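Visitor: What follows is a predicted protein model with its sequence.
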Number of protein chains: 2
Amino acid sequence: MNLRQLKYFVATAETAQVSRAASALSISQSSVTTAIRDLESSLGATLFLRTRSGMDLTDAGRELLASAYAILSKIDEAQNLRHRDTDASGKIRIAASYTVMGYFLPYHLDRLRRLHPNLDIELHELNRDSIEEGLLSGRFDVAVLLTSNITNPGLESETLLRSARRVWCASAHPFAQRRNITFDEIADEDYILLTVDEAANTAMKYWSAQTREPRVRLRTTSIEAVRSMVANGQGITILSDMVYRPWSLEGKRIATVMPGAQVPTMDIGLAWRRGAVFTPQMELIHAYFRQTFNSPYAS
Amino acid sequence: MNLRQLKYFVATAETAQVSRAASALSISQSSVTTAIRDLESSLGATLFLRTRSGMDLTDAGRELLASAYAILSKIDEAQNLRHRDTDASGKIRIAASYTVMGYFLPYHLDRLRRLHPNLDIELHELNRDSIEEGLLSGRFDVAVLLTSNITNPGLESETLLRSARRVWCASAHPFAQRRNITFDEIADEDYILLTVDEAANTAMKYWSAQTREPRVRLRTTSIEAVRSMVANGQGITILSDMVYRPWSLEGKRIATVMPGAQVPTMDIGLAWRRGAVFTPQMELIHAYFRQTFNSPYAS
DNA sequence: CACTGTTATCGGATTATCCGATAATACCGA
DNA sequence: TCGGTATTATCGGATAATCCGATAACAGTG
């Protein structure tokens, strides 16, 4: 994909004709046609329906159009980098749970350090209760945690990312060839239950909607242990894509399958004390996450 | 600017060395060097400080990096267009004030119509009081208006765009050559006061912080009239960039200058009844505006 | 003072892009 | 029925962008 192709695509979508788009862009019609053809083949989707009178956007095309608008406007914005004099120095105290700290934050902390080298990020790893208490008492400015389990009315939250939960099994397991696995089938297998953070609570929450219960063979707080057990065929589990890796530590492969019934997503987001006045540092963090996950998920 | 250049730039920023970036990208070092050189010249800014040990991001570079992350992740997102099955049909009732309807909405309505051809957008042009009342009574789903003047606690709002207010004058006026104009100087000139919507109220609000008052020569509800008067040198005014156009209807030129003292920005955004449950159609509208102005402005 | 690690620059090969002409298609009115 | 007039699609050759490898320039370091 290409910015050029994207521009030609937008012009065609807006004029509904390749030839009009070409003249609006002051280039030849064949270039536009080729660009759109290439774009379609690179995306593996038909973007327009070719009619006698021009080009009609398909649903896929409309979806791309929305993205294209966003991309091109961001490019525009990037092109005049005027110094927004946000104060990038100072300290911010961030709390996070174990899983978030290990599987979500490292990547973003790395980026944040590069983007704001003078911002002093103070990290605290704690369990949910301590995090919520710390936010309320003002020991932390903001927290990154599972937003779906927040019930404290004194906190405000914003979901950034939803990660689907899937069935994990060994690649040799018969489930690995299936497209769907029912809860009944899962209940017939040995189950590895992760007990770190709120994983066990959450699992029990959606299992309670079922008639049967998982046959728990092992409870562990180690995600690596879960991976090894599953990879070795000693049981299956249900965990979110965020902590999924295709390989166990010993190098054996793990497969994933969609569960048949609805399993809630794992929602990760920011939380802060309700009504808290954002410091410039909090604004930076908030703006960063909003920008990278500018998500249609409200909360 | 180019996606290729952007990718090379990000790789260089992350590895802090052209040569490491090149090997990470599996291309030659000279290509990366050239791409960054071209990117810098096209932006007119230095992105890195060249040191003996590699490349250090400048402030401008860090700013671009933030944009680049956003752009590339949007590209990623665009590349796998999976059908989000949001219901794009149905009706939404949007209220807007005169200025917003004339200068802000047309562009976006055009885009929304293309993105969601089955969404029936019902528009209502009203003054602020009627809009607020209509939101509360449920006659409108959402409104687009000046968010800075919202005081009704029954409404929730989100600012999308801040448009700076500047001094407008004829291009031949001595002010046009200046970089700053004090309020005292403005008070010595004839002033054209726009009275449409809340323009007059807002103007009076920031004038009241000054010792002097504007010498109002004309009050009008027509922005075109303001433009003509100003272009003909019959007075000056202060209005937001949103309604600024460089030419009057007769083709005479209008210049803008920054006011010396702080003039509040004109903030445009969405408003809805506090606690309202978003319909799928409202989600669409909200998501669209959030996406196109994914703004660091909270409210 | 040579050695090692940087980035910068140059010429030539390769690849992408563009254009104009032409083909293919389907509607539309005589 | 049959040209006429809109479309978009395709092809070959010209042009421009991009890439690579070699080499230069530079600054620490032992």
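Guide: Arrived safely. None of these values were measured; they are calculated from a predicted model. Numbers count the residues shown, from 1 in each chain, chains lettered A, B, ... in the order given.
Visitor: If the residue nearest to residue A:96 when sequence neighbours are not counted is in a bridge, with which residues?
Guide: In space, and not counting its chain neighbours, residue A:96 is closest to residue A:144: 4.5 Å by C-beta to C-beta, 6 or more residues apart in numbering or on different chains. Any C-beta I mention is one placed from the backbone N, CA and C, and that applies to glycine too. Under the criterion DSSP bridges, residue A:144 forms beta bridges with residue A:96, residue A:270.
Visitor: Would you mind pulling up the elements that the strand or helix carrying residue A:288 packs against?
Guide: For residue A:288, the enclosing helix or strand under DSSP states H and E is helix A:280-292. Judged by 3 or more C-beta pairs under 8 Å, 6 or more residues apart in numbering or on different chains; DSSP states H and E, helix A:280-292 is in contact with strand A:90-96, helix A:105-115, strand A:142-146, strand A:155-163, strand A:266-273, helix B:59-79.
Visitor: From residue B:151, how far out is the residue nearest to residue A:96?
Guide: Distance, residue A:144 to residue B:151, using C-beta to C-beta, to the nearest Å: 34 Å.
Visitor: quick one, which of those two is more surrounded?
Guide: Between residue A:144 and residue B:151, counted using other C-beta atoms under 10 Å in any protein chain shown, the more crowded position is residue A:144 (23 against 7).
Visitor: Relative to the whole chain's centre, how far out is the helix or strand harbouring residue A:203?
Guide: Here residue A:203, judged by DSSP H and E, is contained in helix A:199-207. Centre-to-centre, helix A:199-207 and its host chain are 21 Å apart (C-alpha atoms, centre = their mean, to the nearest Å).
Visitor: Give the buried residues for it.
Guide: By 16 or more other C-beta atoms under 10 Å in any protein chain shown, the buried positions in helix A:199-207 come out as A:199, A:202-203, A:206-207.
Visitor: same thing with stretch A:232-241?
Guide: Neighbour-count burial for stretch A:232-241, with 16+ other C-beta under 10 Å as criterion, is recorded at A:235-240.
Visitor: for stretch A:161-179, same thing?
Guide: Buried positions in stretch A:161-179, judged by neighbour count with 16+ other C-beta under 10 Å: A:161-163, A:165-170, A:173, A:175-176, A:178.
Visitor: Out of those residues, name the ones that lie in strands.
Guide: A:161-163, A:165-170 (DSSP state E).
Visitor: now those residues as JSON lines including pLDDT and distance to DNA strand D?
Guide: Shown next, in JSON lines, are these (pLDDT from 0 to 100; distance: C-beta to the nearest atom of the strand, whole Å):
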{"residue": "A:161", "pLDDT": "91", "distance to DNA strand D": "32"}
{"residue": "A:162", "pLDDT": "90", "distance to DNA strand D": "35"}
{"residue": "A:163", "pLDDT": "91", "distance to DNA strand D": "34"}
{"residue": "A:165", "pLDDT": "94", "distance to DNA strand D": "40"}
{"residue": "A:166", "pLDDT": "94", "distance to DNA strand D": "37"}
{"residue": "A:167", "pLDDT": "95", "distance to DNA strand D": "41"}
{"residue": "A:168", "pLDDT": "96", "distance to DNA strand D": "39"}
{"residue": "A:169", "pLDDT": "95", "distance to DNA strand D": "41"}
{"residue": "A:170", "pLDDT": "94", "distance to DNA strand D": "40"}
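Visitor: Contact residues of the stretch 1-150 of chain A facing DNA strand D?
Guide: Residues of the stretch 1-150 of chain A lying near DNA strand D by C-beta under 7 Å from any atom of the strand: A:17-20, A:29-30, A:33-34, A:36-37, A:50, A:52-55.
Visitor: out of those, who's nearest DNA strand C?
Guide: DNA strand C lies nearest to residue A:30 out of those, by C-beta to the nearest atom of the strand, at 3.2 Å.
Visitor: and that closest one, what are its phi and psi?
Guide: phi -70, psi -30 (degrees, to the nearest 10).
Visitor: Pull the contacting residues for residue A:24.
Guide: Residues in contact with residue A:24, defined by C-beta atoms under 8 Å, 6 or more residues apart in numbering or on different chains, are A:11, A:15.
Visitor: Could I get the buried residue list for the particular helix or strand that has it in it?
Guide: Counting by DSSP H and E, the element that carries residue A:24 is helix A:18-25. Neighbour-count burial for helix A:18-25 flags A:18, A:20-22, A:25 (criterion: 16+ other C-beta under 10 Å).
Visitor: Distance to chain B and pLDDT for the residues you listed - can I get that in JSON lines?
Guide: JSON lines is the format used below for the buried residues of helix A:18-25 (distance: C-beta to the nearest C-beta, whole Å; pLDDT from 0 to 100):
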{"residue": "A:18", "distance to chain B": "16", "pLDDT": "90"}
{"residue": "A:20", "distance to chain B": "14", "pLDDT": "90"}
{"residue": "A:21", "distance to chain B": "14", "pLDDT": "90"}
{"residue": "A:22", "distance to chain B": "19", "pLDDT": "91"}
{"residue": "A:25", "distance to chain B": "17", "pLDDT": "89"}
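Visitor: Report the contact partners of the spatially closest residue to residue A:10 that is not a sequence neighbour.
Guide: Leaving aside its chain neighbours, residue A:10 sits nearest to residue A:68 (5.2 Å; criterion: C-beta to C-beta, 6+ apart). Neighbour list for residue A:68: A:6, A:9-10, B:78 [criterion: C-beta under 8 Å, 6+ apart].
Visitor: Specify which member of those residues is nearest to DNA strand C.
Guide: Of the contacts of residue A:68, the one sitting nearest to DNA strand C (C-beta to the nearest atom of the strand) turns out to be residue A:6, at 11.2 Å.
Visitor: Packing partners of whichever helix or strand the closest one is part of?
Guide: Under DSSP H and E, the secondary-structure element containing residue A:6 is helix A:3-15. The contact analysis (3+ C-beta pairs under 8 Å, 6+ apart) places helix A:3-15 against helix A:18-25, helix A:29-43, strand A:54-57, helix A:59-79.
Visitor: and residue A:134, how far is that from residue A:288?
Guide: Distance from residue A:134 to residue A:288, counting by C-beta to C-beta: 21 Å.
Visitor: Up against DNA strand C, what does chain A have?
Guide: Within chain A, the residues that sit near DNA strand C (C-beta under 7 Å from any atom of the strand) are A:2, A:4, A:26-31, A:34-35, A:38, A:52.
Visitor: what's the closest of the residues you listed to residue A:88?
Guide: Residue A:88 has its nearest neighbour among those in residue A:2, at 32.9 Å by C-beta to C-beta.
Visitor: quick one: contacts for that closest one?
Guide: Counting by C-beta under 8 Å, 6+ apart, residue A:2 makes contact with A:35, A:38-39, B:3.
Visitor: got a list of what the closest residue to residue A:112 other than its chain neighbours touches?
Guide: What sits nearest to residue A:112 in space, not counting adjacent residues and going by C-beta to C-beta, 6+ apart, is residue A:288, at 6.1 Å. By C-beta under 8 Å, 6+ apart, the residues touching residue A:288 are A:108, A:111-112, A:115, B:66.
Visitor: Show the pLDDT at residue A:180.
Guide: What the model reports as pLDDT for residue A:180 is 88.
Visitor: Identify the residue of the stretch 51-200 of chain A closest to DNA strand D, quick one.
Guide: residue A:54 (4.2 Å).
Visitor: Phi and psi next, for the closest residue to that residue other than its chain neighbours.
Guide: Distances taken as C-beta to C-beta, 6+ apart place residue A:17 nearest to residue A:54, at 3.9 Å, with adjacent residues excluded. Torsion angles at residue A:17 (phi, psi; degrees, to the nearest 10) stand at phi -150, psi 140.
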